[in-house]
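Build me a model from this:
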Amino acid sequence: MGVDEEGVLARIQQLGLQSATLHDLVALILSREEGDVGHYETAAADLVRRYPGKRLVDLGQSELHSIAGLEQFEGLRILAAIEIGRRAGQSRAQLVNEISSVEEAFRLFEWLAEEKQEHFCAAFLNTKGAVISTKVIHIGTLNMSLVGAREVFREAVRENAASVVVAHNHPSGDPTPSAEDLALTERLTEAGAILDVKLLDHVIIGSKGNVSLMREGLI
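Okay, the predicted model is just below:
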């Protein structure tokens, strides 16, 4: 039978979807009825082996065509489930109306973990910490010659912001700040002090975790 469909379904019904493995979830998405779960064991195992964890979000139709036993419509069902998750993550970010903690900053920018390229973003806040707006400042390798204080604080002045939180992602998944990250943070802090727009935090988002430079004592 392959995957023990009764065991998988019983566990999910008793403990919820959070108890399912990625393998279980893929087989469940592909199944049209309860008895189909085991039928998709091979395709689910192949897919999870090739695209473990968050690499699933990188899938396209061409990659799915190479999975043995997976028909085009079945592949589209997987892509649809991934897209639902992506949009749900973006909706969570939109629900962040103010930043009063590091966790809220992480939640606002958590969508960056899915991006294949580096994105440098900023959230502009009023005197009460409410988010006035967010903006993608730069896409591509983070470089101080390309991402400068001017771009960030020009927008802050335009929005009449009292403070700013900046964020960028590490596509490698490792959120450990680089020397370039620290140097840019220092420049932003200095520029903010001159313009009386405080840099509250610089958060780094990765699939393996997030880092707050403020929490680390680096701001």
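
This structure: strands as residue ranges?
Per DSSP state E, the chain carries strands over the ranges 119-125, 131-139, 163-169, 198-206, 209-212.

mean pLDDT for those: which is lowest?
Mean pLDDT is lowest for strand 131-139 among those, at a mean of 88.

Give me the sheet partners of it and which way each runs.
Strand 131-139 has the following sheet partners, assigned by DSSP bridges: strand 119-125 (antiparallel).

which residues sit against the partner strand?
If you take CB atoms under 8 Å, 6 or more residues apart in numbering as the criterion, strand 119-125 is touched by 98-99, 105, 108-109, 112, 131-139, 142, 147, 152, 155-156, 159, 161-169, 200. Any C-beta I mention is one placed from the backbone N, CA and C, and that applies to glycine too.

Dump that strand to CSV, restricted to CA.
Output in CSV follows, covering the C-alpha atoms of strand 119-125 (Å, rounded to 0.1, in the frame of the first residue of the first chain):
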residue,chain,number,x,y,z
HIS,A,119,15.4,42.4,-1.1
PHE,A,120,16.2,45.5,1.0
CYS,A,121,13.0,47.0,2.5
ALA,A,122,12.0,49.6,4.9
ALA,A,123,8.9,50.3,7.1
PHE,A,124,8.2,53.9,8.0
LEU,A,125,6.6,54.6,11.4
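
Enumerate the positions of it that are buried.
119-125 (16 or more other CB atoms under 10 Å).
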